[in-house]
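Trainee: Sequence and predicted model, in that order:
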Amino acid sequence: MLKLIAVAGLCLSAGCRTPTMGAVLQEKSRGGGSSRVYRTSPKQAWEIALQVLRWEGAGTIEEHHEGQFMLTTIYDRYAASAIGPMSYAGVWVEPASGGAEVTCVVDGQSFTEARFHRRFAQAVAFLEGGKPLPLAAPREPPEDLQPCASASDCEIGVCVEGRCRR
């Protein structure tokens, strides 16, 4: 019992909170999330987003076509503890000049918006190369030298001179 109280106290003092789907929707309504425009049709971008979420181990994906967004939960199968093994994610796909604007919003620690966009770009490269999207997750693209504006953009490492470094 004392151990549980100590963990709860530590969590509260560190600012821990449970991720929620509501936080994802609220963040998007405030203009949050990370957006990129991809040279693909919105319909194809929708299919790519679904596949990327599947690669990342998404549970059921709620598709809201009328609202141009999808919602899901992603569990970290390899989490060493119960703290942070789950994220809620939302993806919005909207028409944009020259393609589709794809916005990802994540609440939690097992998945990041940067990771989603790296995987999305990887999927676009498959299609541009004339290859179909693999059903099983391909090897991840290299993470070194990923562009960043701050440390929060780096899934691994730190932001130095605009690039993530290990």
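Mentor: Arrived safely.
Trainee: residues of the longest helix along the chain that come out buried?
Mentor: Secondary structure of the chain per DSSP state H: the longest helix is helix 113-128. Under the neighbour-count criterion of 16 or more other Cβ atoms under 10 Å, helix 113-128 has 113-120, 122-124 buried. Heads up, the C-betas are built off the backbone N, CA and C, glycines and all.
Trainee: C-alpha coordinates for that helix, CSV please?
Mentor: Extracted as CSV, the C-alpha positions of helix 113-128 are listed here (Å, rounded to 0.1, in the frame of the first residue of the first chain):
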residue,chain,number,x,y,z
GLU,A,113,3.3,12.9,-34.1
ALA,A,114,6.8,13.0,-35.5
ARG,A,115,6.8,9.2,-35.7
PHE,A,116,3.5,9.2,-37.6
HIS,A,117,4.8,11.7,-40.2
ARG,A,118,8.0,9.7,-40.6
ARG,A,119,6.0,6.6,-41.3
PHE,A,120,3.5,8.5,-43.5
ALA,A,121,6.4,9.9,-45.6
GLN,A,122,7.8,6.3,-45.8
ALA,A,123,4.5,5.0,-47.1
VAL,A,124,4.3,7.8,-49.7
ALA,A,125,7.8,6.8,-50.9
PHE,A,126,6.6,3.2,-51.4
LEU,A,127,3.7,4.4,-53.6
GLU,A,128,5.9,6.9,-55.5
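Trainee: what distance separates that helix from the centre of its chain?
Mentor: With Cα atoms, centre = their mean, to the nearest Å as the basis, helix 113-128 stands 11 Å off its chain's centre.
Trainee: Reformat the buried residues of helix 113-128 into a markdown table and put distance to residue 132 and pLDDT next to each item.
Mentor: Shown next, in a markdown table, are the buried residues of helix 113-128 (distance: Cβ to Cβ, whole Å; pLDDT from 0 to 100):
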| residue | distance to residue 132 | pLDDT |
| --- | --- | --- |
| 113 | 26 | 94 |
| 114 | 25 | 91 |
| 115 | 22 | 91 |
| 116 | 20 | 95 |
| 117 | 21 | 94 |
| 118 | 20 | 91 |
| 119 | 16 | 93 |
| 120 | 16 | 94 |
| 122 | 13 | 92 |
| 123 | 10 | 93 |
| 124 | 13 | 92 |
